[in-house]
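A.B. asks: Curious how this folds, go ahead:
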Amino acid sequence: MDSFPEDYQLLKAGKPVPTNSRLLCLSPEFDLDNNLIRVGGRLRRIEGIDPSTVHPIVLDSHHPYTQLLIKDYDTRLRHPGPERVFAELRRKVWILKGREAVRKHQRTCHECCKWRSKPASQKMADLPPPRLRLFKPAFHSTGMDCFGPFSVKVGRRTEKRWGLLFKCMTTRAVHLEVLTSMDTDAFLMALRRFIGRRGKPAELYSDQGTNFRGGNTELKEAFSQLSDDLQQQLAQQQISFHFNPPSAPHFGGVWEREIRSVKAALYTTLGSEMVSEEVLRTVLIEIEAILNSKPLGYVSADIADVDPVTPNYLLMGRPDSSLPQVTYPVSELLGRRRWRHSQVLSDRFWTAFIKYYLPELQARRKWHNSATDIQPGMVVMVVDPQLPRSFWQIGKVVKVFPGADGRVRTAEVQIKDRVYARPIARLIVLPEIRDEEDDNHTGN
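C.D. replies: Numbering: from 1, shown residues only. Coordinates of the predicted model:
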């Protein structure tokens with residue numbers, strides 16, 4: 001009577017429902033014994049099936065009783081998929097737009113969201129300033145990460161070695177180093193070798209590796225122990241460290257993708273063969289040369305077009321390390337021609353970079369649509385790929401970090417007495433658990 005008042009009165013009087021009725025296709029019938037509307041349907045002649053299944057009760061999906069019925073079935077069936085709940089409901093009742101009603105309930109059910117909801121996402125952000133440091137030297141803004149380990153032969157024993165990749169976030173140039181361990185001292189030695197060969201970067205970006213964190217702390221402590229006058233003179237020469245949130249490899253996609261290229265070339269070259277450290281170091285340097293010879297932007301098949309630029313234009317003054325070096329007469333070694341040649345190559349690199357490569361960075365390859373931002377106070381489940389889903393912890397968002405566009409992509413989550421910083425790609429937003437007593441008071 002709440003949902004179908006007109007149809008109820010007509011069917012009770014033995015009259016057909018109007019042509020614009022929502023129940024017309026069901027051929028509804030009136031149950032005089034229980035004062036209910038049931039489905040008439042086309043299964044009247046079937047045998048061996050309960051009449052209540054052949055003629056189920058018609059319910060409106062928006063009625064509170066129907067929503068409570070769906071919740072009860074979902075709870076008793078231990079929160080299965082929507083099709084299972086819908087099939088069980090169909091044994092007794094016929095809910096108009098029943099599948100949508102079941103899915104709508106499970107989208108707000110706390111237990112269903114724990115088992116089936118996907119992590120949050122947000123529209124891809126604009127390129128950060130380190131990706132757009134035009135007319136700066138190579139490795140001015142550098143991202144770094146470790147990869148490995150690899151087994152090497154040292155005499156008759158076997159030891160582990162790791163690789164350390166430095167990548168210029170603007171020019172895409174690559175530098176590779178070999179680490180003997182994953183501690184802070186090995187990282188600082190590799191950083192000094194990198195600075196000695198490529199120059200000091202203005203800023204370093206990395207994940208939350210303990211060796212990177214330790215290196216940052218060591219450098220800060222060494223700087224704090226200098227005299228005040230020397231600190232003022234060296235303040236402009238410090239390296240600025242920036243760390244991505246934990247469990248957020250997509251924040252460092254620039255260098256993570258390059259590590260994939262390094263591993264592919266390394267496994268293709270060595271396979272499963274165990275080599276000496278000298279061979280491993282040589283192969284990594286050759287892979288570095290190959291990666292720095294990759295063209296930036298579109299490569300034309302027309303021979304009349306100019307050759308695409310590569311990071312080696314800035315690093316070596318030629319597009320490929322395998323090509324011969326430009327030679328000059330002895331009388332001109334100290335003249336203007338050599339300086340002019342390097343300047344022309346640098347100008348050509350940046351001209352082609354801006355003209356051909358930079359426009360390719362405009363498009364967003366994924367994460368095209370904006371989503372509702374995570375807010376403090378929301379209940380979330382933290383995704384941990386190392387554990388089964390039933391062991392993922394649940395906490396409350398206590399702080400968010402909006403980006404330059406105002407969108408939230410990182411948040412701090414409090415779990416018991418600890419606070420963790422996580423990207424939203426590792427957070428599943430759960431619906432709030434409403435108190436049944438509050439619901440009863442509200443209904444009263």
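A.B. asks: Quick one: the helices in the stretch 251-400 of the chain, in order.
C.D. replies: 253-270, 277-291, 312-315, 336-352 (DSSP state H, counting those that start in this stretch).
A.B. asks: ok, of those helices, where does mean pLDDT dip lowest?
C.D. replies: When those are compared on average pLDDT, helix 336-352 comes out lowest at a mean of 65.
A.B. asks: shouldn't residue 71 be in contact with residue 105?
C.D. replies: Yes. Using Cβ atoms under 8 Å, residue 71 is in contact with residue 105, at 6.2 Å. Where you see a C-beta, it was placed from the backbone N, CA and C, and this is true even at glycine.
A.B. asks: More neighbours: these two, which one.
C.D. replies: Comparing residue 71 with residue 105 by other Cβ atoms under 10 Å, the one with more neighbours is residue 105, at 21 against 15.
A.B. asks: did I read that right, the more buried one in a helix?
C.D. replies: Yes. Counting by DSSP: H, G, I helix; E, B strand; the rest coil, one finds residue 105 located in a helix.
A.B. asks: longest single strand anywhere in the chain?
C.D. replies: strand 141-154 (DSSP state E).
A.B. asks: I'd like the mean pLDDT over the next helix or strand after that strand, please.
C.D. replies: Using DSSP states H and E, the next helix or strand after strand 141-154 towards the C-terminus is strand 157-168. In this model, strand 157-168 has a mean pLDDT of 91.
A.B. asks: where's strand 157-168 relative to the chain centroid, distance-wise?
C.D. replies: Mean-position distance between strand 157-168 and its chain equals 25 Å (Cα atoms, centre = their mean, to the nearest Å).
A.B. asks: Enumerate the positions of that strand that are buried.
C.D. replies: Within strand 157-168, the residues scored as buried using 16 or more other Cβ atoms under 10 Å are 161-168.
A.B. asks: which residues does the residue nearest to residue 270 when sequence neighbours are not counted contact?
C.D. replies: Among residues not flanking residue 270 along the chain, residue 283 sits closest, at 6.5 Å (Cβ to Cβ, 6 or more residues apart in numbering). Counting by Cβ atoms under 8 Å, 6 or more residues apart in numbering, residue 283 touches 266, 269-270, 275.
A.B. asks: next one: residue 10
C.D. replies: 16-18.
A.B. asks: just curious, which of those residues is nearest to residue 213?
C.D. replies: residue 17 (71.5 Å; Cβ to Cβ).
A.B. asks: sec struct for that closest one, please.
C.D. replies: coil.
A.B. asks: For it, report the pLDDT, please.
C.D. replies: 88.
A.B. asks: measure it to residue 23 for me?
C.D. replies: In this view, residue 17 and residue 23 are 6 Å apart by Cβ to Cβ, to the nearest Å.
A.B. asks: Next, show the common contact partners of the two.
C.D. replies: residue 7.
A.B. asks: which outside residues touch stretch 98-113?
C.D. replies: Residues contacting stretch 98-113 (Cβ under 8 Å, 6+ apart): 61, 66-67, 70-71, 74, 79, 82-83, 85-86, 89-90, 95, 116, 428-431, 433.
A.B. asks: Please verify my assumption that residue 146 contacts residue 161.
C.D. replies: No. Using Cβ under 8 Å, residue 146 is not in contact with residue 161, being 10.9 Å away.
A.B. asks: okay, and the common contacts of these two?
C.D. replies: Residues touching both residue 146 and residue 161 (Cβ under 8 Å, 6+ apart) are residue 179.
A.B. asks: got a winner among the contacts of residue 283 for most neighbours?
C.D. replies: Neighbour-wise, the contacts of residue 283 (other Cβ under 10 Å) top out at residue 266, 19 neighbours.
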